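Student: Any chance you could fold what I've pasted below:
(one chain, ligands or ions: 2)
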Amino acid sequence: MNDYDVERMTEVLRRDGFERTEVVEEADMIVVNTCSIREKAENKAASAAGRYQKLKERNPNLLVAIGGCVAQQEGEALLKRIPSADLTFGPDQIPNLAAHYEKLRPQVQTESWPQTSPKANRYRLRLAQTEVIDVEDYQFLDADPRPSDVSVTALVTIQKGCDNFCAYCIVPRTRGREVSRPADQVVREVARFVELGAREVTLIGQNVNAYHAIGMPDGEDFAELLRLVDSVPGLLRLRFTTSHPHYFTHKVADAFRDLRTLQPWLHLPVQAGSTKVLAAMAREYSREAYLDKIAYLRTVCPDISLSTDIIVGYPGETASDFEQTMQLLSEVEYDSIYSFAYSRRPGTPAVELPDDVSAEEKSRRLTALQSLQKQITAKRLARLVGRTEQILIEGRSRANPSQICGRTGGNHTVNIEVPDGVDVDALIGTLVPVSITAAKVHTLVGTLGNDSLG
Ligand code: 5AD
Ligand code: SF4
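Tutor: Ligands and ions are numbered 1, 2, ... in the order given. This is a model prediction of the structure:
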């Protein structure tokens, strides 16, 4: 979601005459995007913004803008906390970024610069723009990438905000109510990305299964949207994220069997393995209901690879609750997990609960969970060794430019040795058979199959 927002910011600013620069000293404006999902992420963003103070002293025209969820939540308070910041703006204000810049820019140029500290300038205009657009008025920004920026994989948003109130989660407060993007816009954007060279599209939203812009009975809209996107000519692969288990229906599970492009990969955050903790989190499903959905999915798509999010140390999580999370991991056998220590977020319902699992215990649980998952991931990757998999080639490997890389349908990264004389550029964006020869900790190693060399 944050990468997606940065892409839109870049496009909005480009439309208004800005160019992105990799050289920070050359910039007229620095935009820091922030995330408030956990305290660690929040602190990281604030300290990044603080680092630009020195640059401002050297370049009186430089503006520092802080966007994202921390800016949305803290607005003016963030301006106070970070003296170098000129603008704080929330996610709904991205389309207005250039207009906000214009309001600030003349001030910067005419005031008594240069100065030693921005604090010294009494007249310096600073803005906190945190207005949230009403659900009825919300307009999705169409992606407007430069053709040369389009890669093999693209993200297409289908939804903003979230109407769920998971007790630990700040997202509904920072991103506002859920709005579903009209299906024709989604399909048009997918087609446009494909025209520009993308071959895989991931539909994104906070809770994609709650998508509701089509009007099908019983919340079947998301399954219908998948069907519509699946028929875009030239699209090779379709994925989506994130799903909330409560809204994950058999209809959507069936799509993994029935649709040409939908890949056998699902990220289905469980958060905890104990029904008691799930209830305290207001997740709206039990351990059993979650496991039933996974079991059904595996009957329609036996080879599906799964990933999840887990929070350890939620208020009230006992050692035996945690043990149930460990058991759930062993039972489901996810291909990968993202795991987090519970982080108290001001403004969420859970802030009322005592944060009663100590930091040491959270960290112990996290380590135990991650070492169990390491074994499970190893087992899941090992099962692919010896197989030939269809890999969508994305480009050269970052770590080793003599290799190319891509992903399996199950979303595992594969680094591939390329024999001399093979035209690598011709392979990018194509599906090639690759024999998987080895598994590393998180990735696979492969060699091009015979038919891909012809
Ligand atoms: N503390 C820890 N983890 C959190 N997440 C969301 N809020 C919190 C929090 N307060 C995790 C959830 C979610 C992922 C994106 O971040 O696991 O699925
Ligand atoms: Fe947060 Fe829950 Fe919404 Fe996900 S579904 S964004 S965890 S409130």
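Student: use CA for all of it now, contacts and neighbours both
Tutor: Will do.
Student: show me where the stretch 351-454 of the chain has helices.
Tutor: 359-382, 424-427 (DSSP state H, counting those that start in this stretch).
Student: tell me, which of those is the model least confident about?
Tutor: Ranked by mean pLDDT, the helices of the stretch 351-454 of the chain end with helix 424-427 in last place, scoring a mean of 92.
Student: May I have the stretch of helix or strand residue 240 belongs to exported as PDB, CA atoms only?
Tutor: Assigned by DSSP states H and E, residue 240 belongs to strand 237-241. C-alpha atoms of strand 237-241 as PDB (Å, rounded to 0.1, in the frame of the first residue of the first chain):
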ATOM      1  CA  ARG A 237      -1.000 -13.700 -13.800                       C
ATOM      2  CA  LEU A 238      -3.400 -12.300 -11.200                       C
ATOM      3  CA  ARG A 239      -2.900 -12.100  -7.500                       C
ATOM      4  CA  PHE A 240      -4.600 -10.100  -4.700                       C
ATOM      5  CA  THR A 241      -3.900  -9.000  -1.200                       C
END
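Student: contacts for that strand?
Tutor: For strand 237-241, the external contacting residues (Cα atoms under 8 Å, 6 or more residues apart in numbering) are 199-208, 230, 261-263, 265-267.
Student: follow-up on the earlier one: ok, and which of the helices of the stretch 351-454 of the chain has the densest surroundings?
Tutor: helix 359-382 (a mean of 17; mean count of other Cα atoms under 10 Å).
Student: for the helix or strand that comes right after the strand holding residue 240, packing partners?
Tutor: For strand 237-241, the succeeding helix or strand toward the C-terminus, using DSSP H and E, is helix 250-258. Using 3 or more Cα pairs under 8 Å, 6 or more residues apart in numbering; DSSP states H and E, the elements in contact with helix 250-258 are helix 221-230, helix 287-300.
Student: right, and those helices - which one's nearest ligand 1?
Tutor: helix 287-300 (14.9 Å; Cα to the nearest ligand atom).
Student: Between helix 250-258 and the closest one, find me the angle.
Tutor: 30 degrees (axes from the mean of the first three to the mean of the last three Cα atoms, to 10 degrees).
Student: list the buried ones in helix 287-300?
Tutor: If you call a residue buried by 16 or more other Cα atoms under 10 Å, then helix 287-300 has these buried ones: 287, 290-291, 293-294, 297, 300.
Student: quick one on the thing from earlier: and of the helices of the stretch 351-454 of the chain, who's closest to residue 9?
Tutor: Of all these, it is helix 424-427 that lies closest to residue 9, at 29.4 Å by Cα to Cα.
Student: what about the closest residue to residue 353 other than its chain neighbours, how many residues close to it?
Tutor: When the adjacent residues along the chain are set aside, residue 353 lies closest to residue 315, with 6.3 Å between them (Cα to Cα, 6 or more residues apart in numbering). Neighbours of residue 315 under the rule other Cα atoms under 10 Å: 22.
Student: which residues sit in contact with residue 315?
Tutor: Counting by Cα under 8 Å, 6+ apart, residue 315 has contacts 350, 353-357.
Student: What of residue 201?
Tutor: 153-156, 190, 235, 237-239.
Student: For ligand 1, what is the nearest residue in the stretch 351-454 of the chain?
Tutor: residue 351 (9.1 Å).
Student: Got the confidence number for that residue?
Tutor: 96.
Student: and it, how many neighbours?
Tutor: Residue 351: 16 surrounding residues under other Cα under 10 Å.
Student: can you check the one 5 residues further on too?
Tutor: The number of residues packed around residue 356, counting by other Cα under 10 Å, is 13.
Student: what about the residue nearest to it when sequence neighbours are not counted, helix or strand, and which?
Tutor: Excluding the flanking residues, the one nearest residue 356 by Cα to Cα, 6+ apart is residue 315, at 5.6 Å. Applying DSSP H and E as the criterion places residue 315 outside every helix and strand.
Student: Ramachandran coordinates for the closest residue to residue 277 other than its chain neighbours?
Tutor: Setting aside the residues directly before and after it, residue 277 is nearest to residue 317 in space (Cα to Cα, 6+ apart), at 6.4 Å. Residue 317 adopts backbone torsions of phi -70, psi 110, taken as degrees, to the nearest 10.
Student: now stretch 186-206, how far from the centre of its chain.
Tutor: Put simply, stretch 186-206 sits 15 Å off its chain's centre (Cα atoms, centre = their mean, to the nearest Å).
Student: scratch that, stretch 213-225
Tutor: For stretch 213-225, the distance to the chain centre is 23 Å (Cα atoms, centre = their mean).
Student: Show me what counts as buried in it.
Tutor: 213-214, 219-225.
Student: again with stretch 181-198
Tutor: In stretch 181-198, counting by 16+ other Cα under 10 Å, buried: 181-183, 186-187, 189-194, 196-198.
Student: pLDDT on it, on average?
Tutor: Per-residue scores along stretch 181-198 average to 98.
Student: Any chance you could list what contacts that stretch?
Tutor: For stretch 181-198, the external contacting residues (Cα under 8 Å, 6+ apart) are 140, 142-143, 147, 150-154, 156-160, 201, 213-214, 225, 228-229, 232-235, 429.
Student: hang on, residue 445 packs against residue 416?
Tutor: Yes: between residue 445 and residue 416 there is a contact at 5.9 Å, judged by Cα atoms under 8 Å.
Student: So if I had to pick from these two, which one is more boxed in?
Tutor: The neighbour count for residue 445 versus residue 416, taken as other Cα under 10 Å, is higher for residue 416 (25 against 19).
Student: correct me, but the more buried one touches residue 405?
Tutor: Yes: counting by Cα under 8 Å, residue 405 is a contact partner of residue 416 at 5.8 Å.
Student: okay, and the common contacts of those two?
Tutor: Joint contacts of residue 416 and residue 405 (Cα under 8 Å, 6+ apart) do not exist.
Student: quick one: contacts for the closest residue to residue 94 other than its chain neighbours?
Tutor: Sequence neighbours aside, residue 9 is the residue nearest to residue 94 in space, at 6.0 Å (criterion: Cα to Cα, 6+ apart). Taking Cα under 8 Å, 6+ apart as the criterion, residue 9 is in contact with 94-95, 97.
Student: next structured bit after the helix-or-strand element of the chain with minimal mean pLDDT?
Tutor: One helix or strand of the chain scores below all others by mean pLDDT, DSSP states H and E: helix 97-110, with a mean of 76. Downstream of helix 97-110, the first helix or strand assigned by DSSP H and E is strand 127-129.
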